[in-house]
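1. fold the following for me, if possible:
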Amino acid sequence: MRVCSFLPSATEIVYALGIEDQLHGVTHECDFPAAAKEKPWVVRSVFEAMDPQPTSGEISRVISERLEQGLGIYQIDEDILKEANPDLILTQAICEV
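-> Take a look at the predicted model:
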């Protein structure tokens, strides 16, 4: 089975189950266990590309604008997702802020 995790806690569960060899993509936030940082990023924050890193006020403005446009604050790297070719994607709904 080929798995992608869009959630750090799900990534940890995959490793705890000992099936990390089936994990072919994670989020930019997946940092535990340390080996998870070596997996390709399928999901990243829209703020990852911003240089310099935005202030809290800029983050709030960007989030508000994106939500008004019906967009999220995360981006899926479609090329990496296609390459991963997952049978299963582990995720959850994002709570409203």
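
2. and the strands in this structure?
-> In order along the chain, the chain carries the following strands (DSSP state E): 3-5, 23-27, 41-45, 74-76, 88-90.

3. contacts for the fourth one?
-> Going back to what we said before, that points to strand 74-76. 6, 27, 42-46, 94 (Cβ atoms under 8 Å, 6 or more residues apart in numbering). The way it works is simple: take the backbone N, C-alpha and C, and place the C-beta from them, glycine included.

4. dump the residue contacts of Cys30.
-> 5, 8, 11, 36-37, 39.

5. now Gln92: phi and psi?
-> Dihedral angles of Gln92 (phi, psi; degrees, to the nearest 10) stand at phi -150, psi 160.

6. in contact with it, which residues?
-> 6-7.

7. ranges for the helices of this structure?
-> Remark: helices assigned in the chain by DSSP state H are 8-16, 56-68, 78-84.

8. quick one: list the elements packing against the last one.
-> Read it as helix 78-84. Where contact means 3 or more Cβ pairs under 8 Å, 6 or more residues apart in numbering; DSSP states H and E, helix 78-84 is packed against strand 23-27, strand 41-45.

9. pull out the buried residues from stretch 80-97.
-> Going by neighbour count (16 or more other Cβ atoms under 10 Å), the buried part of stretch 80-97 is 80-81, 84, 86, 89-90.
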